[in-house]
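Asks: Sharing a model prediction with you, sequence too.
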Amino acid sequence: MDDSEYQVLRLKLRAVELNVVNLYSPNDKPLSLDTIPVQNSNVLVIGNFNSHSQSWGYDHIDRRGEEVESWQDDHNLLLINNPDDKDTFYSRLWHTTSTPDLGFCTEDIHEYCKRIGQQLGGSDRRPIRTEGRDINKVTKDFNAALLQAAKKCIPRGSRRDYKPYWNKDLEGLQEELSEARREAETQPSQTNNIKLQKVKAKFLRAKIQARRESWKEKTASLNLERDSTKLWKLTRQLDDEGGSERGTTSVEENGSLLTGKQTANKFAENYEKVSNITVNRGRQREVRREERERRSKKSKEEVMETSLTLNELLTALKKLKAKKSPGPDHITNMMLTHMGSFATKTLLDVFNLSWKEGETSTGLEGGDHGTYPKTWKGQKESSQLSPY
């Protein structure tokens, strides 16, 4: 060939098709960039352009560099190289370094393209790496960032036997009461006993007053339409009542009582019997055929090809119920509804990536599993337990 050489490779991963162009243009041949097929999306052009420009680290621009930048502007391509990147080529003959290797891509895949990497093996050139986004890694990184932000911003310090009315004044009076009792016990006398009773009375009066003020303050902020559970919990705390202990689930099997691990094993055996479904080979082939047809046909519904919008996400977040237990990722609904604008847009990007790739994160494995008894009177039979 009298001009540059290039190869076009079309890679298809699920529903995404990537067009990769590998170019080599020696110094003594024209670039002929207009002959390269460049589409509006999913295009990656990499290779040896043998051109100089300040845009990729040189101190000047030559004619070939001007031609490359004009071609880049005409096709709305983004340069992967940075001016401060390491040189991509080392000449063993001249003992010099330069950057003849460049990478260009369309805007939709620019975030997947990494910068200049380390030298591979004995090659004289450094690679420009590209990689796709893994929905599992993206979800894991988002969850980790959200949990870290929540840990820094949400006050911690929950403690057992917490009393909402307790304050520093009561803390001081309690220490004074303990000291007065110690003196009464170590130095028995009428004076120390009177002092103990006065300090005790002072402490009890302050405690009753603190309870009343705390009750007024807490109940004033409660919404009885949705915070009834919180109200009763607060009442028990103000009355210094302890929490109730969990009961033990047991089942009866052939006249004997099973508890603990035996109960779990018996439930697993019964659940295995009812959950095993035999599917004949004919039905299996039919399902595989339907799956192949579904994958081969592109959706004709526009809504199935449209990304989720920020307003749609905000509407969905507003419908989340606050008092719900988190899943295995430990992300609560309150964390999601109190995110900032940047975190909300990041979550939208996670959802759209899952929507585009047709995959969901597999990081939800490892949740807690157990059983609860069905509502009926009498001893709990192993067949009367439901999974959760």
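Replies: Great, that's in hand.

Asks: all contacts plus neighbour counts: C-alpha atoms, from now on.
Replies: Fine.

Asks: Ser53 against Gly65, yeah?
Replies: Yes - with contacts counted by Cα atoms under 8 Å, Ser53 reaches Gly65, the gap being 5.3 Å.

Asks: all helices of the stretch 151-300 of the chain, in order?
Replies: 168-186, 190-220, 228-238, 261-275, 281-296 (DSSP state H, counting those that start in this stretch).

Asks: Lys323 is nearest to which of those helices?
Replies: Each of these was scored for nearness to Lys323 using Cα to Cα, and the closest is helix 228-238 (10.5 Å).

Asks: OK, contacts around Asp87?
Replies: Applying Cα atoms under 8 Å, 6 or more residues apart in numbering to Asp87 gives the contacts Gly57, Thr97, Ser98, Thr99, Arg126.

Asks: Reformat the residues you listed as TSV; add neighbour count and distance to His338.
Replies: Conversion of the contacts of Asp87 to TSV gives the following (neighbours: other Cα atoms under 10 Å; distance: Cα to Cα, whole Å):
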residue	neighbour count	distance to His338
Gly57	18	44
Thr97	15	51
Ser98	17	50
Thr99	24	47
Arg126	19	44
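
Asks: can you put the residues you listed in TSV and add pLDDT and secondary structure?
Replies: TSV is the format used below for the contacts of Asp87 (pLDDT from 0 to 100; DSSP: H, G, I helix; E, B strand; the rest coil):
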residue	pLDDT	secondary structure
Gly57	82	coil
Thr97	76	strand
Ser98	73	strand
Thr99	76	coil
Arg126	67	coil
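
Asks: Which of these sits closest to Glu305?
Replies: Looking at the contacts of Asp87 and their distance to Glu305, the nearest is Arg126, at 37.7 Å (Cα to Cα).

Asks: Now do the buried residues in stretch 43-61.
Replies: Along stretch 43-61, the positions that meet the burial threshold by neighbour count (16 or more other Cα atoms under 10 Å) are 43-53, 55-58.

Asks: Nearest to Asp108 among those?
Replies: If you rank the buried residues of stretch 43-61 by distance to Asp108 using Cα to Cα, Val43 comes first, at 8.9 Å.

Asks: Excluding residues flanking it in the chain, which one is nearest that closest one?
Replies: The shortest distance from Val43 to any non-neighbouring residue, by Cα to Cα, 6 or more residues apart in numbering, is to Asn19 (4.8 Å).

Asks: so how far is Leu146 from that neighbour?
Replies: 35 Å (Cα to Cα, to the nearest Å).

Asks: go on, Ile46?
Replies: Look at Ile46 and Leu146: by Cα to Cα, they are 36 Å apart.

Asks: hang on, the earlier thing: for the buried residues of stretch 43-61, which one is nearest Val350?
Replies: Relative to Val350, the closest of those is Val43; by Cα to Cα it sits at 22.5 Å.

Asks: got any ranges where the stretch 201-350 of the chain has weak pLDDT?
Replies: Scanning the stretch 201-350 of the chain for pLDDT under 70 picks out the ranges 219, 221-252, 260, 267, 271-276, 291-302.

Asks: Which element is encountered next along the chain beyond the host helix or strand of the residue nearest to Val43?
Replies: Asn19 is part of strand 16-24, with elements assigned from DSSP states H and E. The C-terminal neighbour of strand 16-24 among helices and strands, as given by DSSP H and E, is strand 43-48.

Asks: How about the backbone phi and psi for the closest residue to Leu23 other than its chain neighbours?
Replies: Sequence neighbours aside, Tyr6 is the residue nearest to Leu23 in space, at 4.1 Å (criterion: Cα to Cα, 6+ apart). Dihedral angles phi and psi of Tyr6 (degrees, to the nearest 10) take the values phi -150, psi 160.

Asks: Pull the contacting residues for Tyr6.
Replies: Val21, Asn22, Leu23, Tyr24, Ile36.

Asks: how close does it get to Asn352?
Replies: Counting by Cα to Cα - Tyr6 and Asn352 are separated by 34 Å.

Asks: swap in Leu170?
Replies: Counting by Cα to Cα, the gap from Leu170 to Asn352 is 54 Å.

Asks: cool, and Thr97?
Replies: As it turns out, when the distance is counted by Cα to Cα, Thr97 lies 42 Å from Asn352.

Asks: Please apply the same query to Tyr24.
Replies: Between Tyr24 and Asn352 the computed distance is 36 Å (Cα to Cα).

Asks: Have a look at these two and say which one is more surrounded.
Replies: Under the neighbour definition other Cα atoms under 10 Å, Tyr24 and Asn352 were set side by side, and Tyr24 has more, 19 against 16.

Asks: Which pLDDT value belongs to the more buried one?
Replies: We note a pLDDT of 89 for Tyr24 in this prediction.

Asks: mind putting the contacts of Asp87 in JSON lines, distance to Arg289 included?
Replies: Formatted as JSON lines, those follow (distance: Cα to Cα, whole Å):
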{"residue": "Gly57", "distance to Arg289": "54"}
{"residue": "Thr97", "distance to Arg289": "56"}
{"residue": "Ser98", "distance to Arg289": "54"}
{"residue": "Thr99", "distance to Arg289": "51"}
{"residue": "Arg126", "distance to Arg289": "46"}
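
Asks: farthest-separated two in those residues?
Replies: When the contacts of Asp87 are compared pair by pair using Cα to Cα, the two farthest from each other are Gly57 and Arg126, 14.8 Å apart.

Asks: could you list every residue that touches the closest residue to Val138 other than its chain neighbours?
Replies: When the adjacent residues along the chain are set aside, Val138 lies closest to Val350, with 6.8 Å between them (Cα to Cα, 6+ apart). When contacts are counted by Cα under 8 Å, 6+ apart, Val350 touches Ile135, Val138, Thr139.
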